[in-house]
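Colleague: Mind folding the following:
(one chain, ligands or ions: 1)
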Amino acid sequence: MTHILALDQGTTSSRAILFNAQGSAVHRAQREFKQIFPQPGWVEHDALEIWQTQLQVIKQVLADTSPKQAIAAIAITNQRETTVLWDRKTGEPLANAIVWQDRRTVEHCDALRQQGHQALIQEKTGLVLDAYFSGTKLAWLLDNIPGARARAERGELAFGTIDSWLVWNLTKGQAHITDPSNASRTLLFNLHTLAWDDELLALLKIPRALLPEVVPSSGVVAHTEPSLFGRAIPIGSLIGDQQAATFGQACFEPGMAKNTYGTGCFMLLNTGHAPVVSQNKLLTTVGWQRLEASAQAPATTYCLEASVFMGGATIQWLRDGLNIIASASEVEALAASVPDVADTYLVPAFTGLGAPIWDGNARGTLIGMTRGTTKAHIARAALEAIALQVADVFAAMAKDSGIALAELRVDGGASNNNLLMQLQADFLGVPVVRPKVTETTALGAAYLAGLAVGLWSSTKDIATQWSVDRRFEPSMAPADREAKMARWHQALERAKGWAN
Ligand code: ADP
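Modeller: Residues are numbered from 1 along each chain as shown. Presented below is the predicted three-dimensional model:
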């Protein structure tokens, strides 16, 4: 048994990737599925379509797999917070899944905040009261589907994030489980006791009978139902996508951080075995839970997390909104055609600002233009904006954790942009390191499953597999960096509160 089949169930597609014992992807399949927008601000997925596309890509990869590539375990990583409610008897979802991006429960969150519950929520869950998380989405389903609440109380229904939903289907209803990395995104899970919390359940009016059992992120937690793939395959890991990427970047020690440059940017910092409560509006979350060498009970690793809403999406806007580039990869040459931004700043607050500012009313601002400003300056300002936002969350993490971060590991589509990575190193003042394998989400889940079944013996084993593609050293003088950040913060001030 030499391979791990990683399932990467993302927001727009379901993927299956077969990894060998060297951590290299040898087969992959991917299928997109429908994005459903029933009303402004609402985003749904058909949970059955998620399962079917996931099953199809598994079968596709299995069909390509030779007997020599025997699968030791399945690994599961998933889009987080997306909420599914289904019937325990029939396995049918009661409604479409409510996706993490969905904003329909903003008012419920506002009401809870006005009632003064934010402090309790942050203390217990490490989260801010926001419609992003599963708790109020589940409450919405119970309140809006006729009869659902009574049925939930009678134990007839099951709630799950996508990890739970996939395992339920892979085991044909034998296992209803989740892991702490996913549970810690629900507003229902206590970070300190590592259990569902009665006070939080009461606050959100969630019947306990709905909830999955919480199992470690790494371990043989279930087996696939034999009729699906001809044999029972162990399920060796469950983990949310960003936490998986952190593991896939081999950020095993406290003080190690990764940033993913996708549509948005997601930075996670390993803070070790104790949760750090943020003073700077960052999230505290479980990274993973696993049995470490010679330990009796699984150990929990916590992370600080920050997201920047407009990362690579800023470049999409240059392409689709302004039409100044034809593809994302063109931005690098255009931005490099000018030596600097000529004091022009783009604040891409198109959907407000996330961590560490959290201003939903901030809006996009382009400031500092003169008659000499060209599209090249704007392209460069867009790249700088991504790096400057990331520098701000990096600083907030350092402050919260008290750790001087030595480097930043990077992945995601926009991390291929060398100019962006150099700017990032300059604005951080620490090296930016891009690994050879940037499919870190699936890889991290594969590593956790492989550790569970003995394909890798320890994280030391894995850390030696992680290898550098390119390292970007900071080349900006500290005084220049400070001046740059100060100017950026002035630009940020102009963007705040605009929609008020
Ligand atoms: P996601 O997983 O969120 O869909 P990806 O990791 O696939 O994101 O990255 C895609 C994002 O990266 C897009 O927003 C795109 O604009 C941006 N991107 C891709 N290539 C580049 C590049 N060379 N320079 C800057 N941004 C890029």
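Colleague: ok, longest strand in the protein?
Modeller: Longest strand of the chain, by residue count under DSSP state E: strand 299-308.
Colleague: After that strand, which helix or strand is next? Please name it.
Modeller: Beyond strand 299-308 in the direction of the C-terminus, DSSP states H and E gives the next helix or strand as helix 312-320.
Colleague: Could you point out the helix or strand that follows that following helix?
Modeller: As assigned by DSSP H and E, the chain's next helix or strand after helix 312-320 is helix 331-336.
Colleague: do that following helix and the ligand meet at all?
Modeller: Yes - Helix 331-336 is in contact with the ligand by CB under 6 Å from any ligand atom, via 331, 332. All C-beta spots, glycine's among them, are computed from the backbone N, C-alpha and C.
Colleague: for that helix, which positions count as buried?
Modeller: Within helix 331-336, the residues scored as buried using 16 or more other CB atoms under 10 Å are 331, 332, 334, 335.
Colleague: What of stretch 40-52?
Modeller: Using 16+ other CB under 10 Å as the test for burial, stretch 40-52 gives 43, 44, 45, 46, 47, 48, 49, 50, 51.
Colleague: which other residues reach that stretch?
Modeller: Identification of contacts with stretch 40-52 by CB atoms under 8 Å, 6 or more residues apart in numbering yields 9, 14, 33-38, 82, 84, 86, 92-93, 96-99, 101-104, 106, 162, 165-166, 169.
Colleague: Mind doing that once more with 6 Å?
Modeller: 33, 36, 84, 93, 96-97, 99, 101-104, 165, 169 (CB atoms under 6 Å, 6 or more residues apart in numbering).
Colleague: Grab the two from the buried residues of helix 331-336 that are most spread out in space.
Modeller: Spatially, the most separated pair among the buried residues of helix 331-336 is 332 and 334, at 7.3 Å (CB to CB).
Colleague: How about the residues of the protein by the ligand?
Modeller: Neighbours of the ligand within the chain, by CB under 6 Å from any ligand atom: 262-263, 312-313, 315-316, 328-329, 331-332, 412-414, 416-417, 420.
Colleague: Among the residues you listed, name the buried ones.
Modeller: Buried members of these, counted by 16+ other CB under 10 Å: 262-263, 312-313, 315, 328, 331-332, 412-414, 416-417, 420.
Colleague: Could you identify the most distant pair in the residues you listed?
Modeller: Greatest spatial distance among these (CB to CB): 263 and 332, at 18.1 Å.
Colleague: could I get the buried residues of helix 331-336 as a markdown table with pLDDT and distance to residue 443?
Modeller: Output for the buried residues of helix 331-336, formatted as a markdown table (pLDDT from 0 to 100; distance: CB to CB, whole Å):
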| residue | pLDDT | distance to residue 443 |
| --- | --- | --- |
| 331 | 98 | 27 |
| 332 | 98 | 26 |
| 334 | 98 | 32 |
| 335 | 98 | 30 |
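Colleague: can I get the residues you listed in TSV with distance to residue 461?
Modeller: Formatted as TSV, these follow (distance: CB to CB, whole Å):
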residue	distance to residue 461
331	38
332	36
334	43
335	40
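Colleague: Between these, which sits nearest residue 450?
Modeller: The closest of the buried residues of helix 331-336, once distances to residue 450 are taken by CB to CB, is residue 332, at 35.4 Å.
Colleague: Just the buried positions in stretch 224-233, please.
Modeller: 224, 225, 228, 229, 233.
Colleague: returning to what we had before: would you mind giving me the PyMOL syntax to select the buried ones in the contacts of stretch 40-52?
Modeller: To isolate the buried members of the contacts of stretch 40-52 in PyMOL, using 16+ other CB under 10 Å:
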select buried, resi 33+84+93+96+97+99+101+102+103+104+165+169
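Colleague: Among the contacts of stretch 40-52, which ones are in strands?
Modeller: Reading strands off these with DSSP E, I get 84, 97.
Colleague: got the contacts of stretch 40-52 as TSV, with pLDDT columns?
Modeller: Compiled in TSV, those are given as follows (pLDDT from 0 to 100):
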residue	pLDDT
33	93
36	91
84	98
93	98
96	98
97	97
99	92
101	86
102	86
103	89
104	91
165	98
169	98
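Colleague: Just flag the most distant two among the contacts of stretch 40-52.
Modeller: Counting by CB to CB, the most remote pair of the contacts of stretch 40-52 is 103 and 169, 27.9 Å apart.
Colleague: Next, the nearest residue to residue 336 once chain neighbours are set aside: secondary structure please.
Modeller: Nearest residue to residue 336 in three dimensions, chain neighbours excluded: residue 419, at 5.5 Å (CB to CB, 6 or more residues apart in numbering). Under DSSP: H, G, I helix; E, B strand; the rest coil, residue 419 falls in the helix class.
Colleague: that older thread, any idea which of the buried ones among the residues of the chain next to the ligand the model trusts least?
Modeller: Across these, the bottom pLDDT score, 86, is held by residue 263.
Colleague: and it, helix, strand or coil?
Modeller: coil.
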